[in-house]
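Novice: Dropping the sequence and predicted coords here.
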Amino acid sequence: MVSGKVQIPGEVVGESNASTGEDREWLRMEYQEVCANYAGLRDFRAKLLGLVPLVTSGVFLLLAKADENMDPRAYMVIGVYGFFITVGLAIYEIGVRRQFRILVARGDELERRAKAGAGQFTVRQSTSRINRRFTRAASTLIYGATMITWVVLAAWGFAMKP
């Protein structure tokens, strides 16, 4: 970090690594914005993936302690509602993955233009296929298990006699 500005990895301060005519300040600002967006998305996604099963578990704990005289249709409604909310979040997750790929590609391009060497995006780009598989598997597991849980709740409410 140089004077409050993000330094592109590998950049020598005062030396122009950019192609002729490129504005170093513009590259630095764009790189800073890409880094901030990437970090924000990564943070939000991690919180969301942790919160989805936590909220689901919380609802189940509340329902387990609920009055035995509760109408079984309420379980069906809660289960169906939870299922569709989870499906919506899973669809949103697909869009977030696309944004990740765009940001990583742009960050990689900026690092290459700055001749930065192995920056966070260049390194990520070289291992991106493996990273995508693991993150896709983790989110699929979390959202899939949560959807199944909501379906079980709805089915349980359907099977109970009013």
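Specialist: Looks like it came in fine.
Novice: Read off the pLDDT value for residue 93.
Specialist: The pLDDT attached to residue 93 in the predicted structure is 91.
Novice: That one against residue 144, yeah?
Specialist: No - using C-beta atoms under 8 Å, residue 93 is not in contact with residue 144, being 11.5 Å away. Yep, even glycine has a C-beta here, placed from its N, CA and C like the rest.
Novice: out of these two, which sits in the more crowded spot?
Specialist: Comparing residue 93 with residue 144 by neighbour count (other C-beta atoms under 10 Å), the higher total belongs to residue 93, at 20 against 12.
Novice: Next one: residue 148 from residue 93, what distance?
Specialist: Counting by C-beta to C-beta, to the nearest Å, the gap from residue 148 to residue 93 is 16 Å.
Novice: now residue 110
Specialist: Computed with C-beta to C-beta, the distance linking residue 110 and residue 93 is 26 Å.
Novice: wait, what's in contact with the residue nearest in space to the middle of the chain?
Specialist: Averaging the C-alpha coordinates of the chain gives a centre point, and the residue nearest to it by C-alpha atoms, centre = their mean is residue 45 (2.8 Å). Under the criterion of C-beta atoms under 8 Å, 6 or more residues apart in numbering, the neighbours of residue 45 are 93, 96.
Novice: Can you say which helix or strand has it in it?
Specialist: In this assignment (DSSP states H and E), residue 45 forms part of helix 24-64.
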